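>>> output the structure for:
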Amino acid sequence: MKILSRTTLWRTTLWRGILFGRGVVVGVVAISGTVNPAAAQSEPVSMRMFSAAQDAGRGALAADSVQPLARHERAVQLNEQGVELVFQGNQSGGVAKIKQALAHDPQNTTILYNLAGLYLAQGAHQEAMAMMGQALAHEPDDAAFLNRFAEAALLSKDLSAAVTAMERMAVVEPGNAELSLKLGTLYAMQKRWSEAETTLERAREALGDDNRVLMNLANVLVVQEKYEEALPLLKIAQQQRPCAETAITLALAYEGLGRFREAVGQYREAKRYGEQGAELDAHIEKLEQAVRQ
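The predicted structure follows:
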């Protein structure tokens, strides 16, 4: 019997809410929390003020500048004014100030980082990628820069660039479990199933029965027809968070094992949680016929 279309699996899971988190933090980079990439532009962005060390080391100034120190100090001032405006809810005013700061110090990575975040918030993903590309040219191992570049690349539908940035982050931050979860998810989005499985397994070693890890790893296993391995993960996930998404994936695993009665039960469970569609109804009917035979 033909198993229900895999498009149902991907439509319901959609690797929800595990990729790039952003929080409003001054002075440090925030990479905590989670956000659905599709809704990223509605989220606040992390921004940076200048520390003393950043004042001394970050601003690469033009060699022909008449007053490089004055220009740098003015850039710092404009950046801080822009950040304050953003925090006060005046995003357009903040963008204008930070653009002025960049004009005074065009290679300053702190300003590039802040402006990229604001471009992301405005949905200008390509512009954000360009800003972070410039920043990474100066500081290629800055984890926050790599994270923001990867986010911009993903929202620009440049999955390859996003993966490359996250792989670099994995070198910079070995042992980062949340990063393994993100990278494993990106591998899955590229249909690199073996690498996705390995990376998500690594995430699970550190994060345990985190629902995000369980669901994405189970999905990767189901796609590879490793149904027996997926079942225990899905049962735990269903206990944690019973929903249509989990029920559909569990039904697919049962169906792949020929356990049609259990599959029907899970498909009906998914309907109770709101899953609808003529394809699903027709498939349940076929499975019920198979059970009766």
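>>> helices along the stretch 1-150 of the chain, start to end?
For the stretch 1-150 of the chain, the helices identified by DSSP state H, counting those that start in this stretch occupy 6-13, 52-57, 68-87, 91-104, 109-121, 125-138, 143-155, in order along the chain.
>>> do the same with the stretch 151-293 of the chain
Shown for the stretch 151-293 of the chain, the helices assigned by DSSP H, counting those that start in this stretch span residues 159-172, 177-189, 193-207, 211-223, 227-240, 244-256, 260-272, 278-292.
>>> I'd like the ones you listed as TSV, with mean neighbour count, distance to Ala135 and mean pLDDT appended.
The way it works is simple: take the backbone N, C-alpha and C, and place the C-beta from them, glycine included. Written out in TSV, the entries for the helices of the stretch 151-293 of the chain read as follows (neighbours: other Cβ atoms under 10 Å; distance: least, Cβ to Cβ, whole Å; pLDDT from 0 to 100):
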stretch	mean neighbour count	distance to Ala135	mean pLDDT
helix 159-172	18	12	97
helix 177-189	23	19	96
helix 193-207	18	26	98
helix 211-223	24	29	97
helix 227-240	18	38	98
helix 244-256	24	37	97
helix 260-272	19	44	97
helix 278-292	14	46	94
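>>> out of these, nearest to Leu120?
For those, distance to Leu120 was read as Cβ to Cβ. The smallest value, 13.1 Å, belongs to helix 159-172.
>>> tilt between that closest one and helix 125-138?
30 degrees (axes from the mean of the first three to the mean of the last three Cα atoms, to 10 degrees).
>>> can you list the buried residues in stretch 86-99?
Buried positions in stretch 86-99, judged by neighbour count with 16 or more other Cβ atoms under 10 Å: 86, 91, 94-95, 97-98.
>>> ok, so of those, who is nearest Met131?
Ile98 (10.4 Å).
>>> ok, the closest one - contacts?
Listed by Cβ atoms under 8 Å, 6 or more residues apart in numbering, the contact partners of Ile98 are 78-79, 82-83, 111, 114-115, 118.
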